[in-house]
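> test case, fold it:
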Amino acid sequence: MEAALRALGIPDPVIQLADRQAREAILRLHAYKPQNDGPLPRALQSKIPAYRSAGLLVPVHVGNDGRLHVLLTVRAQGLNSHGGDTAFPGGRFELYDKDIEYTARREAYEETGLPINPRIVLKLCEMETFLSANELAVTPIVAFITDMTLPLRANTNEVSAMFTIPFESVLFETLPPAFYNNMDITPQSERYSTPLPGSTETPESAGSTGDATWHTAYDISWIGDVRMRRHTFWEANNPIRGLTSDVLLRAAIVAYGREPTYAANVKDQPSQAALLRLAFASPHAVRERNVRPRIRPWKAKV
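Numbering: from 1, shown residues only. I've put the predicted structure just below:
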């Protein structure tokens, strides 16, 4: 296993720091290939305009505890969309970007100072493309930071804060005590008074039994009245939800090779490819550059 990690370009001190589970997770991510032989089904590649494409970086690293941790940002309040939300570094594809991986790396550098250099921020895998609430086709690139002494800096025009969580934590509904020293899970619900579209969720309304609520979920109706489950992780720096929680959960399932301890999806929930078809290759398609979210709370039919 050490030889395989070394072949990826991971330095020996980092390999020695990583516990066995972290090492295995890195290799699973590196071996991952999305279905359809790529992030997008071929039939959809010509249907999605460049101005509705985006890339984001999922930066992981080995923490002092030997676990994998993931870097997240809090978007600046003054941004036109999703201000104040937890996010991964990322943004829309620009015509001068050579590919969507470069988009993700460029945006990560602009927002956090993470180097574009692929030897320092190693690409592990390209995940399947996701549909965001404002109907961008978003492709996540999972990358490994080999040097956590890097002097990261938040671009305050776009990012108000950065923080990390243990990568595996999103696979638990209630966190095991082993995680308590690595994160703050006490939500301050008064800070979270603005729900996402389609949600009225707070730690209290979601059935919290105390101030240490970690995971809650709610269902939405989206394009074509399909039913989807959304997840919130009540990290005290900022709640993790929406597209960020979707990507984070999927990446963790791949990395650790198991499903979460809660129901991740509703019965017959459409895949991301199916959502993309609805958004870009169906009678429901909207051609504008900017699309207003079409998410509503799910209501059971009677």
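> ok, the closest residue to D219 other than its chain neighbours - contacts?
Excluding the flanking residues, the one nearest D219 by C-beta to C-beta, 6 or more residues apart in numbering is W298, at 3.9 Å. C-beta here means a position set from N, CA and C on the backbone, and glycine is covered the same way. Residues near W298 by C-beta atoms under 8 Å, 6 or more residues apart in numbering: G198, Y218, D219, I220, S221, R227.
> how near is W298 to P239?
Applying C-beta to C-beta, to the nearest Å, the value for W298 to P239 is 20 Å.
> likewise G257?
G257 sits 27 Å away from P239, going by C-beta to C-beta.
> now V142
Going from V142 to P239 by C-beta to C-beta gives 22 Å.
> what's the answer for A7, then?
Counting by C-beta to C-beta, the gap from A7 to P239 is 38 Å.
> which of these two has more neighbours?
Set side by side, A7 and P239 show more neighbours around P239, with 24 against 9, by other C-beta atoms under 10 Å.
> wait, isn't that one in contact with R230?
No: under the criterion of C-beta atoms under 8 Å, P239 is not in contact with R230, lying 11.6 Å apart.
> which stretches of the chain form helices?
2-8, 12-17, 20-31, 42-45, 100-112, 242-256, 272-280 (DSSP state H).
> reformat those as CSV; add distance to A264 and mean pLDDT.
Below are these laid out as CSV (distance: least, C-beta to C-beta, whole Å; pLDDT from 0 to 100):
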stretch, distance to A264, mean pLDDT
helix 2-8, 28, 93
helix 12-17, 30, 94
helix 20-31, 17, 97
helix 42-45, 23, 80
helix 100-112, 24, 95
helix 242-256, 6, 97
helix 272-280, 13, 93
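> confidence-wise, which helix or strand of this protein is lowest on average?
helix 42-45 (a mean of 80; mean pLDDT, DSSP states H and E).
> before we move on, the earlier item: where's the residue nearest to D219 relative to Y218, distance?
From W298 across to Y218, the span is 8 Å (C-beta to C-beta).
> circling back to that earlier point, among the contacts of W298, which are in strands?
If you go by DSSP state E, these have Y218, D219, I220, S221, R227 in strands.
> looking at these, which one is closest to S53?
Closest approach to S53 among the ones in strands among the contacts of W298 (C-beta to C-beta): I220, at 23.1 Å.
> the closest one is in contact with K299, isn't it?
No: using C-beta under 8 Å, I220 makes no contact with K299, being 10.3 Å away.
> just give the number of residues close to the closest residue to R20 other than its chain neighbours.
Leaving aside its chain neighbours, R20 sits nearest to M1 (7.9 Å; criterion: C-beta to C-beta, 6+ apart). By the measure other C-beta under 10 Å, the count of residues near M1 is 12.
> closest one of the ones in strands among the contacts of W298 to E111?
Scanning those for proximity to E111, where the rule is C-beta to C-beta, the winner is I220, at 27.5 Å.
> check contacts around A22.
Counting by C-beta under 8 Å, 6+ apart, A22 touches V62, G66, R67, L68.
> what about 6 Å?
Contact partners of A22, counting by C-beta atoms under 6 Å, 6 or more residues apart in numbering, are V62, R67, L68.
> same deal with Y109?
Here Y109 is in contact with I116 (C-beta under 6 Å, 6+ apart).
> please report how far it lies from A143.
Distance of Y109 to A143, computed by C-beta to C-beta: 12 Å.
> check I116 too.
The gap separating I116 from A143 is 11 Å, by C-beta to C-beta.
> out of the helices of the chain, nearest to F130?
helix 272-280 (5.2 Å).
> in that closest one, what's buried?
Buried residues in helix 272-280, counting neighbours by 16 or more other C-beta atoms under 10 Å, are found at Q272, A273, A274, L275, L276, R277, L278, A279, F280.
> ok, the closest residue to E128 other than its chain neighbours to A273 distance?
What sits nearest to E128 in space, not counting adjacent residues and going by C-beta to C-beta, 6+ apart, is P34, at 4.1 Å. Applying C-beta to C-beta, the value for P34 to A273 is 9 Å.
> common neighbours of these two, please.
With C-beta under 6 Å, 6+ apart as the test, P34 and A273 reach no residue in common.
> the residue nearest to R20 contacts Q21, correct?
No: look at M1 against Q21 with C-beta atoms under 6 Å: they stay out of range, at 11.4 Å.
> that older thread, what's the distance between the residue nearest to D219 and Q272?
For W298, the distance to Q272 equals 18 Å [C-beta to C-beta].
> again with W222
12 Å.
> now do the shared contacts for those two.
Here W222 and Q272 share no contacting residue, scored by C-beta under 6 Å, 6+ apart.
> for P118, give me phi and psi.
Backbone torsions for P118, taken as degrees, to the nearest 10, come to phi -70, psi -10.
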